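Novice: Here is the input, now give the coordinates:
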Amino acid sequence: MVLVVADQHLNTPMYFFLGYLSGFETCYSSTILPRLLASLLTGDRTISVSGCITQFYFFGVPLASECCLLSMMSYDRYLSICKPLHQMVLMNGRICLQLAAVSWMGGFMVTTIVTCLMLKLHFCDPNEIDHFLCDFTPVIKLSCSDTRLTTLVAFILSSIGTLPPFLLTLTTDVFIISTILRIPSTTGRRKAFSTCSSHLIVVTIFYGTLMIVCVTRH
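Specialist: Residues are numbered from 1 along each chain as shown. Below you'll find the predicted structure:
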């Protein structure tokens with residue numbers, strides 16, 4: 001992140017978004033790992049309800065924001081491969097900052113609404129979470145209140161926050177791959193694919209993990 005800011009050669013949309021992606025991943029680690037390591041070292045695996053919901057909040061904000069960020073990165077790669085002459089106009093520094101701010105605000109808004117609904121719930125026995133962090137589904141199962149409204153709102157907001165970015169990411173990636181395959185020279189195809197292969201891997205791992213977690217929970 002420091003290199004992206006300090007090195008003028010890295011002041012491009014791709015590295016700008018990579019810097020933000022690194023920030024999101026740092027938030028994940030800072031939210032989950034310290035509490036997990038403390039539990040492993042001390043053997044104390046208890047956490048208060050307020051602490052649990054706080055962990056969910058600071059985990060949920062970057063998670064919700066990253067969906068939007070990955071779609072923006074896909075769109076930037078789409079412009080780079082498919083419309084290179086328009087990239088600097090459509091993805092200048094001001095627009096990149098605005099898109100990053102939108103992703104953060106979207107993540108804060110979605111997670112804040114869900115967290116406020118969770119704070120109104122009452123929790124009783126059983127009080128053991130079958131997870132290594134306080135995610136939404138494991139926590140909501142422990143509530144002895146009526147959780148239908150909270151679950152419905154969370155489902156609607158998560159669908160709005162993940163489905164459109166996922167479809168945009170999928171669409172742009174299809175255009176990118178089809179454009180690369182139409183490049184006549186092998187060297188040109190290899191060079192074009194090398195600029196977006198890392199992003200394709202990140203998108204696959206991110207959404208693949210989300211789908212696996214959702215399937216195994218239900």
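
Novice: which regions of the chain sit below the pLDDT cut-off?
Specialist: Applying pLDDT under 70 to the chain flags residues 195, 214-218.

Novice: Nearest residue to the middle of it?
Specialist: Most central residue of the chain, judged by C-alpha distance to the mean C-alpha position with C-alpha atoms, centre = their mean, is Glu66 at 2.5 Å.

Novice: Quickly find the element holding that one.
Specialist: Element membership of Glu66, judged by DSSP states H and E, is helix 49-82.

Novice: now do Phe24
Specialist: When secondary structure is defined using DSSP H and E, the element that contains Phe24 is helix 13-42.

Novice: name the helices or strands packed onto that helix?
Specialist: Helix 13-42 sits against helix 2-6, helix 49-82, helix 93-119, with contacts defined as 3 or more C-beta pairs under 8 Å, 6 or more residues apart in numbering; DSSP states H and E. The C-beta positions use only the backbone N, C-alpha and C, and glycine is treated the same way.

Novice: Mind doing that once more with 10 Å?
Specialist: Judged by 3 or more C-beta pairs under 10 Å, 6 or more residues apart in numbering; DSSP states H and E, helix 13-42 is in contact with helix 2-6, helix 49-82, helix 87-90, helix 93-119, helix 186-217.

Novice: I'd like the ones you listed as CSV, with distance to Asp125 appended.
Specialist: Below are the helices and strands packed on helix 13-42 laid out as CSV (distance: least, C-beta to C-beta, whole Å):
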stretch, distance to Asp125
helix 2-6, 48
helix 49-82, 13
helix 87-90, 55
helix 93-119, 18
helix 186-217, 21
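
Novice: Can you list the buried residues in the helix or strand containing Leu152?
Specialist: With secondary structure defined by DSSP H and E, Leu152 is part of helix 148-181. Using 16 or more other C-beta atoms under 10 Å as the test for burial, helix 148-181 gives 150, 154, 157-158, 161-162, 165-166, 168-169, 172-173, 175-176, 180.

Novice: about what we covered before: got the angle for the helix holding Phe24 vs helix 186-217?
Specialist: Orientation note: helix 13-42 sits at an angle of 40 degrees relative to helix 186-217 (axes from the mean of the first three to the mean of the last three C-alpha atoms, to 10 degrees).
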